[in-house]
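In: What follows is a predicted structure for the sequence shown.
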Amino acid sequence: MESNVIPDSIRPQRLQPGIGFGSGPTGTLRSSLRPGVTVPIAPLLPSPASLAASSGPPPPPPPLQLHSLYGGVGAGLGQGAAGHCNPGNPAVLKEAVEAVVRSFAKHTQGYGRVNVVEALQEFWQMKLTRGADLRNGALVVYEMVPSNSPPYVCYVSLPGGSCFGSFQFCPTKAEARRSAAKIALMNSVFNEHPSRRITDDFIEKSVSEALASFNGNREEADNPNTGIGAFRFMLESNKGKSMLEFQELMTVFQLLHWNGSLKAMRERQCSRQEVLAHYSHRALDDDMRTQMAADWVNREQSVASTIAQELASTERELEDARLAGRELRFYKEKKDILMLAVGQLNAANTATLPSH
(Lines give C-alpha, C1' and ligand atoms only; values in the text may rest on other atoms or scores of the structure.)
Protein backbone atom coordinates (compact mmCIF):
# COMPACT_ATOMS: atom_id res chain seq x y z
CA MET A 1 0.00 0.00 0.00
CA GLU A 2 1.46 3.28 -1.07
CA SER A 3 1.97 6.02 1.46
CA ASN A 4 0.42 9.45 0.87
CA VAL A 5 2.85 11.15 3.23
CA ILE A 6 4.95 13.77 1.45
CA PRO A 7 8.61 13.89 2.50
CA ASP A 8 9.54 16.92 4.59
CA SER A 9 12.32 17.74 2.13
CA ILE A 10 9.73 18.32 -0.59
CA ARG A 11 6.87 19.94 1.28
CA PRO A 12 8.48 23.33 2.04
CA GLN A 13 9.59 23.75 -1.57
CA ARG A 14 6.06 23.60 -2.97
CA LEU A 15 4.92 26.15 -0.43
CA GLN A 16 7.08 28.93 -1.81
CA PRO A 17 5.26 32.25 -2.21
CA GLY A 18 6.89 33.00 -5.55
CA ILE A 19 5.36 31.81 -8.79
CA GLY A 20 8.54 31.50 -10.83
CA PHE A 21 8.69 29.79 -14.20
CA GLY A 22 6.73 26.82 -15.51
CA SER A 23 7.59 23.31 -14.60
CA GLY A 24 8.40 20.60 -17.07
CA PRO A 25 10.02 17.23 -17.40
CA THR A 26 13.41 18.86 -17.85
CA GLY A 27 13.17 21.25 -14.93
CA THR A 28 14.88 20.91 -11.59
CA LEU A 29 13.08 19.54 -8.54
CA ARG A 30 12.77 23.05 -7.09
CA SER A 31 11.39 24.57 -10.29
CA SER A 32 8.98 21.70 -10.92
CA LEU A 33 7.53 22.04 -7.44
CA ARG A 34 7.00 25.78 -7.79
CA PRO A 35 3.97 27.21 -9.57
CA GLY A 36 4.62 28.27 -13.16
CA VAL A 37 3.53 31.36 -15.03
CA THR A 38 3.45 29.58 -18.38
CA VAL A 39 0.28 27.66 -17.62
CA PRO A 40 -3.04 29.06 -18.96
CA ILE A 41 -4.29 31.98 -16.90
CA ALA A 42 -7.10 30.97 -14.57
CA PRO A 43 -9.65 33.21 -12.83
CA LEU A 44 -8.36 34.97 -9.73
CA LEU A 45 -10.50 32.81 -7.46
CA PRO A 46 -10.94 29.42 -9.17
CA SER A 47 -13.16 26.82 -7.61
CA PRO A 48 -11.38 25.25 -4.65
CA ALA A 49 -13.34 22.01 -5.16
CA SER A 50 -10.15 20.07 -5.72
CA LEU A 51 -9.18 20.82 -2.13
CA ALA A 52 -12.49 19.74 -0.63
CA ALA A 53 -12.84 16.44 1.16
CA SER A 54 -16.07 15.53 -0.63
CA SER A 55 -17.29 15.73 -4.21
CA GLY A 56 -20.16 18.02 -3.32
CA PRO A 57 -20.58 21.60 -4.52
CA PRO A 58 -17.51 23.83 -4.08
CA PRO A 59 -17.40 25.83 -0.86
CA PRO A 60 -17.38 29.64 -0.92
CA PRO A 61 -14.04 31.42 -1.44
CA PRO A 62 -12.05 31.25 1.79
CA PRO A 63 -12.34 34.47 3.77
CA LEU A 64 -8.60 34.89 4.12
CA GLN A 65 -8.18 34.88 0.34
CA LEU A 66 -10.30 37.94 -0.30
CA HIS A 67 -8.56 41.08 -1.52
CA SER A 68 -10.21 43.07 1.25
CA LEU A 69 -10.56 40.98 4.36
CA TYR A 70 -12.87 43.58 5.88
CA GLY A 71 -15.41 43.74 3.09
CA GLY A 72 -16.33 40.06 3.34
CA VAL A 73 -15.85 37.78 6.28
CA GLY A 74 -13.72 40.47 7.84
CA ALA A 75 -16.94 42.08 8.91
CA GLY A 76 -17.03 39.39 11.53
CA LEU A 77 -13.78 40.72 12.90
CA GLY A 78 -15.31 44.09 13.61
CA GLN A 79 -13.20 47.20 13.02
CA GLY A 80 -10.29 45.71 14.89
CA ALA A 81 -8.56 44.16 11.95
CA ALA A 82 -8.63 47.30 9.87
CA GLY A 83 -7.82 49.83 12.55
CA HIS A 84 -10.14 50.88 15.33
CA CYS A 85 -11.51 54.11 13.97
CA ASN A 86 -12.52 54.34 10.35
CA PRO A 87 -15.30 56.93 10.02
CA GLY A 88 -16.03 58.50 6.67
CA ASN A 89 -15.89 62.05 8.03
CA PRO A 90 -12.30 63.34 8.46
CA ALA A 91 -13.46 65.74 11.18
CA VAL A 92 -14.90 62.84 13.19
CA LEU A 93 -11.68 60.89 12.81
CA LYS A 94 -9.58 63.87 13.94
CA GLU A 95 -11.82 64.45 16.95
CA ALA A 96 -11.67 60.79 17.97
CA VAL A 97 -7.89 60.65 17.69
CA GLU A 98 -7.41 63.86 19.67
CA ALA A 99 -9.74 62.58 22.41
CA VAL A 100 -7.73 59.38 22.83
CA VAL A 101 -4.43 61.26 22.86
CA ARG A 102 -5.72 63.65 25.53
CA SER A 103 -7.01 60.76 27.62
CA PHE A 104 -3.72 58.93 27.30
CA ALA A 105 -1.82 62.06 28.34
CA LYS A 106 -4.08 62.56 31.35
CA HIS A 107 -3.51 59.04 32.66
CA THR A 108 0.21 58.83 31.97
CA GLN A 109 1.69 62.33 32.04
CA GLY A 110 -0.86 64.51 33.76
CA TYR A 111 -2.56 67.45 32.09
CA GLY A 112 -0.88 69.45 29.38
CA ARG A 113 0.30 69.00 25.82
CA VAL A 114 1.53 65.50 25.06
CA ASN A 115 4.43 64.68 22.74
CA VAL A 116 2.71 61.92 20.78
CA VAL A 117 5.92 60.70 19.14
CA GLU A 118 7.53 60.14 22.55
CA ALA A 119 4.30 58.77 24.00
CA LEU A 120 3.98 56.14 21.26
CA GLN A 121 7.54 54.95 21.79
CA GLU A 122 7.08 54.87 25.57
CA PHE A 123 3.86 52.88 25.16
CA TRP A 124 5.61 50.08 23.25
CA GLN A 125 8.64 50.19 25.51
CA MET A 126 6.28 49.70 28.44
CA LYS A 127 4.70 46.69 26.68
CA LEU A 128 8.13 45.15 26.19
CA THR A 129 9.12 45.59 29.83
CA ARG A 130 5.84 43.99 30.87
CA GLY A 131 6.64 40.84 28.91
CA ALA A 132 5.07 41.43 25.49
CA ASP A 133 6.44 39.09 22.82
CA LEU A 134 8.14 41.63 20.55
CA ARG A 135 10.65 39.61 18.56
CA ASN A 136 12.27 42.68 17.01
CA GLY A 137 12.21 44.90 20.07
CA ALA A 138 10.03 47.92 20.85
CA LEU A 139 11.37 50.39 18.30
CA VAL A 140 8.74 52.42 16.43
CA VAL A 141 9.91 53.25 12.89
CA TYR A 142 8.91 56.34 10.89
CA GLU A 143 9.16 56.74 7.12
CA MET A 144 8.69 60.07 5.36
CA VAL A 145 7.46 60.08 1.78
CA PRO A 146 10.02 62.14 -0.21
CA SER A 147 8.58 65.54 -1.08
CA ASN A 148 9.84 69.11 -1.45
CA SER A 149 6.50 70.74 -0.67
CA PRO A 150 3.38 70.13 1.42
CA PRO A 151 1.32 68.19 2.08
CA TYR A 152 3.89 65.92 3.71
CA VAL A 153 3.11 62.26 4.37
CA CYS A 154 4.62 60.01 7.02
CA TYR A 155 4.15 56.33 7.81
CA VAL A 156 4.83 54.67 11.13
CA SER A 157 5.43 50.96 11.63
CA LEU A 158 4.75 49.46 15.04
CA PRO A 159 6.99 46.75 16.53
CA GLY A 160 4.61 43.96 15.49
CA GLY A 161 4.45 45.17 11.89
CA SER A 162 1.19 47.15 11.82
CA CYS A 163 1.44 50.36 9.83
CA PHE A 164 -0.41 53.67 10.04
CA GLY A 165 0.02 56.99 8.27
CA SER A 166 -0.60 60.69 8.68
CA PHE A 167 -4.31 61.24 8.08
CA GLN A 168 -4.45 65.04 7.93
CA PHE A 169 -3.13 67.76 5.63
CA CYS A 170 0.32 68.30 7.08
CA PRO A 171 2.16 71.52 6.15
CA THR A 172 5.44 70.36 7.75
CA LYS A 173 7.33 67.09 8.08
CA ALA A 174 7.15 67.34 11.87
CA GLU A 175 3.36 67.64 11.71
CA ALA A 176 3.16 64.60 9.41
CA ARG A 177 5.19 62.62 11.92
CA ARG A 178 2.90 63.69 14.76
CA SER A 179 -0.22 62.87 12.74
CA ALA A 180 1.03 59.34 12.05
CA ALA A 181 1.98 58.90 15.71
CA LYS A 182 -1.49 60.01 16.84
CA ILE A 183 -3.41 57.44 14.81
CA ALA A 184 -0.91 54.73 15.75
CA LEU A 185 -1.15 55.61 19.44
CA MET A 186 -4.94 55.52 19.34
CA ASN A 187 -4.96 52.05 17.79
CA SER A 188 -2.24 50.84 20.16
CA VAL A 189 -4.23 51.99 23.20
CA PHE A 190 -7.54 50.51 22.01
CA ASN A 191 -5.80 47.27 21.11
CA GLU A 192 -5.16 46.65 24.81
CA HIS A 193 -8.86 46.52 25.65
CA PRO A 194 -10.14 43.03 26.60
CA SER A 195 -12.77 43.22 23.85
CA ARG A 196 -9.94 43.29 21.31
CA ARG A 197 -8.78 39.78 22.20
CA ILE A 198 -9.68 36.67 20.24
CA THR A 199 -11.77 34.58 22.61
CA ASP A 200 -14.10 31.59 22.21
CA ASP A 201 -17.10 33.93 22.13
CA PHE A 202 -15.43 36.13 19.54
CA ILE A 203 -14.62 33.11 17.35
CA GLU A 204 -18.20 31.82 17.48
CA LYS A 205 -19.59 35.24 16.57
CA SER A 206 -17.10 35.74 13.72
CA VAL A 207 -17.73 32.29 12.25
CA SER A 208 -21.51 32.75 12.49
CA GLU A 209 -21.26 36.06 10.65
CA ALA A 210 -19.00 34.44 8.05
CA LEU A 211 -21.53 31.66 7.50
CA ALA A 212 -24.30 34.22 7.07
CA SER A 213 -22.22 36.31 4.63
CA PHE A 214 -21.41 33.32 2.41
CA ASN A 215 -24.66 31.38 2.88
CA GLY A 216 -22.69 28.54 4.45
CA ASN A 217 -23.76 25.81 6.82
CA ARG A 218 -22.42 24.69 10.17
CA GLU A 219 -20.76 21.60 8.69
CA GLU A 220 -18.48 23.86 6.64
CA ALA A 221 -17.29 25.65 9.76
CA ASP A 222 -16.15 22.33 11.24
CA ASN A 223 -14.33 21.21 8.09
CA PRO A 224 -10.81 22.71 7.76
CA ASN A 225 -10.84 21.95 4.03
CA THR A 226 -13.53 24.58 3.42
CA GLY A 227 -12.95 28.32 3.34
CA ILE A 228 -14.99 28.99 6.47
CA GLY A 229 -13.35 26.07 8.21
CA ALA A 230 -9.93 27.50 7.39
CA PHE A 231 -11.07 30.85 8.76
CA ARG A 232 -12.12 29.19 12.01
CA PHE A 233 -8.81 27.31 12.14
CA MET A 234 -6.94 30.62 11.84
CA LEU A 235 -8.95 32.21 14.63
CA GLU A 236 -8.56 29.25 16.97
CA SER A 237 -4.83 29.11 16.25
CA ASN A 238 -4.56 32.72 17.38
CA LYS A 239 -6.77 32.55 20.46
CA GLY A 240 -5.64 35.07 23.06
CA LYS A 241 -4.03 37.40 20.55
CA SER A 242 -5.20 40.95 19.89
CA MET A 243 -6.79 42.29 16.74
CA LEU A 244 -3.58 44.00 15.62
CA GLU A 245 -1.60 40.81 16.15
CA PHE A 246 -4.12 38.83 14.13
CA GLN A 247 -4.13 41.42 11.36
CA GLU A 248 -0.34 41.26 11.15
CA LEU A 249 -0.63 37.53 10.44
CA MET A 250 -3.49 37.96 7.98
CA THR A 251 -1.44 40.46 5.98
CA VAL A 252 0.83 37.61 4.89
CA PHE A 253 -2.14 35.66 3.50
CA GLN A 254 -3.61 38.76 1.87
CA LEU A 255 -0.31 39.27 0.04
CA LEU A 256 -0.11 35.62 -0.96
CA HIS A 257 -3.60 35.90 -2.44
CA TRP A 258 -2.86 39.19 -4.21
CA ASN A 259 0.32 37.74 -5.69
CA GLY A 260 -1.46 34.63 -7.00
CA SER A 261 0.55 32.36 -4.73
CA LEU A 262 -2.45 30.79 -2.97
CA LYS A 263 -4.02 29.87 -6.31
CA ALA A 264 -0.71 28.38 -7.44
CA MET A 265 -0.46 26.32 -4.24
CA ARG A 266 -3.98 24.98 -4.83
CA GLU A 267 -2.90 23.92 -8.30
CA ARG A 268 -0.02 22.05 -6.61
CA GLN A 269 -2.73 20.35 -4.51
CA CYS A 270 -1.63 21.86 -1.22
CA SER A 271 -4.48 21.76 1.26
CA ARG A 272 -5.62 24.96 2.94
CA GLN A 273 -4.64 23.59 6.33
CA GLU A 274 -1.19 22.77 5.01
CA VAL A 275 -0.70 26.31 3.71
CA LEU A 276 -2.10 27.86 6.88
CA ALA A 277 0.16 25.80 9.11
CA HIS A 278 3.23 26.71 7.03
CA TYR A 279 2.70 30.45 6.71
CA SER A 280 1.23 31.01 10.17
CA HIS A 281 4.76 30.65 11.50
CA ARG A 282 6.60 32.51 8.78
CA ALA A 283 7.19 36.24 9.04
CA LEU A 284 7.03 38.49 6.01
CA ASP A 285 10.69 38.94 5.10
CA ASP A 286 12.90 40.24 2.29
CA ASP A 287 13.10 36.80 0.70
CA MET A 288 9.32 36.60 0.37
CA ARG A 289 9.14 40.14 -0.99
CA THR A 290 11.87 39.43 -3.54
CA GLN A 291 10.07 36.30 -4.76
CA MET A 292 6.80 38.18 -5.17
CA ALA A 293 8.56 41.03 -6.98
CA ALA A 294 10.10 38.52 -9.39
CA ASP A 295 6.59 37.24 -10.18
CA TRP A 296 5.50 40.75 -11.15
CA VAL A 297 8.59 41.11 -13.36
CA ASN A 298 7.52 37.93 -15.15
CA ARG A 299 4.02 39.33 -15.63
CA GLU A 300 5.42 42.60 -16.96
CA GLN A 301 7.55 40.74 -19.48
CA SER A 302 4.43 38.90 -20.66
CA VAL A 303 2.09 41.91 -20.70
CA ALA A 304 3.61 45.40 -20.86
CA SER A 305 2.44 48.04 -18.33
CA THR A 306 1.15 45.38 -15.90
CA ILE A 307 3.25 46.76 -13.04
CA ALA A 308 2.40 50.40 -13.81
CA GLN A 309 -1.33 49.66 -13.75
CA GLU A 310 -1.14 47.65 -10.53
CA LEU A 311 1.05 50.30 -8.91
CA ALA A 312 -1.40 53.09 -9.79
CA SER A 313 -4.28 51.07 -8.32
CA THR A 314 -2.27 50.27 -5.18
CA GLU A 315 -1.29 53.90 -4.63
CA ARG A 316 -4.96 54.94 -4.79
CA GLU A 317 -5.89 52.24 -2.26
CA LEU A 318 -3.05 53.29 0.03
CA GLU A 319 -4.04 56.96 -0.16
CA ASP A 320 -7.72 56.27 0.57
CA ALA A 321 -6.89 53.98 3.49
CA ARG A 322 -4.36 56.44 4.95
CA LEU A 323 -6.80 59.36 4.91
CA ALA A 324 -9.44 57.14 6.53
CA GLY A 325 -7.09 56.25 9.39
CA ARG A 326 -6.98 52.55 8.53
CA GLU A 327 -4.21 50.03 9.14
CA LEU A 328 -2.00 50.20 6.06
CA ARG A 329 0.50 47.37 6.00
CA PHE A 330 -1.20 45.35 3.24
CA TYR A 331 -1.31 48.34 0.89
CA LYS A 332 2.15 49.52 1.88
CA GLU A 333 3.70 46.10 1.34
CA LYS A 334 2.02 45.83 -2.07
CA LYS A 335 3.53 49.14 -3.12
CA ASP A 336 6.97 48.21 -1.80
CA ILE A 337 6.89 44.86 -3.64
CA LEU A 338 5.87 46.56 -6.90
CA MET A 339 8.62 49.16 -6.51
CA LEU A 340 11.07 46.34 -5.90
CA ALA A 341 9.83 44.73 -9.11
CA VAL A 342 10.45 48.00 -10.99
CA GLY A 343 14.00 47.98 -9.66
CA GLN A 344 14.52 44.36 -10.74
CA LEU A 345 13.12 45.12 -14.19
CA ASN A 346 15.34 48.17 -14.64
CA ALA A 347 18.37 46.17 -13.54
CA ALA A 348 17.53 43.40 -16.01
CA ASN A 349 17.04 45.90 -18.85
CA THR A 350 20.33 47.62 -18.05
CA ALA A 351 22.16 44.31 -18.04
CA THR A 352 20.87 43.45 -21.52
CA LEU A 353 21.75 46.81 -23.13
CA PRO A 354 24.46 46.47 -25.80
CA SER A 355 27.82 47.95 -24.86
CA HIS A 356 29.39 50.61 -27.07
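Out: Okay, I see it. Being a predicted model, the structure only gives us computed values, none of them experimental.

In: When you work out contacts or count neighbours from here on, use the C-alpha atoms and nothing else.
Out: Will do.

In: show me where the stretch 251-356 of the chain has helices.
Out: 261-267, 272-279, 286-302, 306-323, 329-352 (DSSP state H, counting those that start in this stretch).

In: worst-scoring helix or strand of this protein, pLDDT-wise?
Out: Least confident element among the helices and strands of the chain, by mean pLDDT, DSSP states H and E: helix 29-32 (a mean of 30).

In: what residue ranges in this protein score low on pLDDT?
Out: Within the chain, the ranges that satisfy pLDDT under 70 run 1-89, 100, 104-113, 351-356.

In: list the contacts for the residue positioned nearest the centre of it?
Out: Centrality entry for the chain: nearest residue to the mean C-alpha point is residue 251, 1.6 Å, by Cα atoms, centre = their mean. Applying Cα atoms under 8 Å, 6 or more residues apart in numbering to residue 251 gives the contacts 329, 330.

In: roughly how far apart are it and residue 328?
Out: Distance, residue 251 to residue 328, by Cα to Cα, to the nearest Å: 10 Å.

In: likewise residue 268?
Out: In terms of Cα to Cα, residue 268 sits 31 Å off from residue 328.

In: Look at the two and report which has more neighbours.
Out: residue 328 (24 against 15; other Cα atoms under 10 Å).

In: ok, that one touching residue 165?
Out: Yes: the criterion here is Cα atoms under 8 Å, and residue 328 meets it with residue 165 at 7.4 Å.

In: Need the residues touching each of the two.
Out: Joint contacts of residue 328 and residue 165 (Cα under 8 Å, 6+ apart) are residue 322.

In: ok, residue 160 - contacts?
Out: Taking Cα under 8 Å, 6+ apart, one finds 134, 136, 245, 248 in contact with residue 160.

In: And what about residue 146, helix, strand or coil?
Out: Recorded secondary structure, residue 146: coil (DSSP: H, G, I helix; E, B strand; the rest coil).

In: again but with residue 103, I slipped
Out: Applying three-state DSSP: residue 103 is helix.

In: For it, grab the count of nearby residues.
Out: Neighbours of residue 103 (other Cα under 10 Å): 14.

In: now stretch 122-130: how far from the chain's centre is it?
Out: 24 Å (Cα atoms, centre = their mean, to the nearest Å).

In: Now do it: everything it contacts.
Out: With Cα under 8 Å, 6+ apart, stretch 122-130 has contacts from 134, 137, 138, 139, 140, 159.

In: Pull out the buried residues from it.
Out: 123, 124, 125, 128 (16 or more other Cα atoms under 10 Å).

In: ditto for stretch 248-264
Out: Quick answer for stretch 248-264 (16+ other Cα under 10 Å): 248-264.

In: mind checking how far residue 256 is from residue 214?
Out: Counting by Cα to Cα - residue 256 and residue 214 are separated by 22 Å.

In: typed the wrong thing, it's residue 164
Out: 30 Å.

In: Tell me which of those two has more neighbours.
Out: The neighbour count for residue 164 versus residue 214, taken as other Cα under 10 Å, is higher for residue 164 (30 against 17).

In: what sits opposite the more buried one in the beta ladder?
Out: residue 156 (DSSP bridges).

In: ok, it touching residue 142?
Out: No: contact criterion Cα under 8 Å: residue 164 and residue 142 do not qualify, at 9.7 Å.

In: which residues do those two both contact?
Out: 155, 156, 157.

In: Contact partners for the second one?
Out: Applying Cα under 8 Å, 6+ apart to residue 156 gives the contacts 140, 141, 142, 143, 163, 164, 165, 177, 180, 181, 184.

In: so of the residues you listed, which ones are in helices?
Out: Residues of the contacts of residue 156 located in helices (DSSP state H): 177, 180, 181, 184.

In: What separation do you get for the third one and residue 327?
Out: Distance, residue 181 to residue 327, by Cα to Cα: 13 Å.

In: what does the first one give?
Out: In this structure, residue 177 lies at 16 Å from residue 327, with Cα to Cα as the measure.

In: Give me the more crowded residue out of the two.
Out: Using other Cα under 10 Å as the criterion, residue 177 and residue 327 rank with residue 327 on top: 29 against 23.

In: Can you list phi and psi of that one for me?
Out: Main-chain dihedrals, residue 327, degrees, to the nearest 10: phi -70, psi 140.

In: right, and it touches residue 161 too?
Out: No: here residue 327 does not reach residue 161: they are 10.3 Å apart, not a contact under Cα under 8 Å.

In: how far does stretch 129-142 sit from the chain's center?
Out: The answer for stretch 129-142 is 19 Å, by Cα atoms, centre = their mean.

In: before we move on, the earlier item: and the contacts of stretch 122-130, which are buried?
Out: 138, 139, 140, 159.

In: Which secondary structure state is assigned to the first one?
Out: Going back to what we said before, that points to residue 138. coil.

In: where does it fall, phi/psi-wise?
Out: phi -110, psi 10.

In: distance of it from residue 242?
Out: Distance from residue 138 to residue 242, by Cα to Cα: 17 Å.

In: what's the answer for the last one, then?
Out: When distance is defined by Cα to Cα, residue 159 is 14 Å away from residue 242.

In: Next, the distance between the ends of stretch 318-329.
Out: OK, stretch 318-329 end separation, Cα to Cα: 9 Å.

In: hmm, I was thinking of stretch 146-166
Out: 14 Å.
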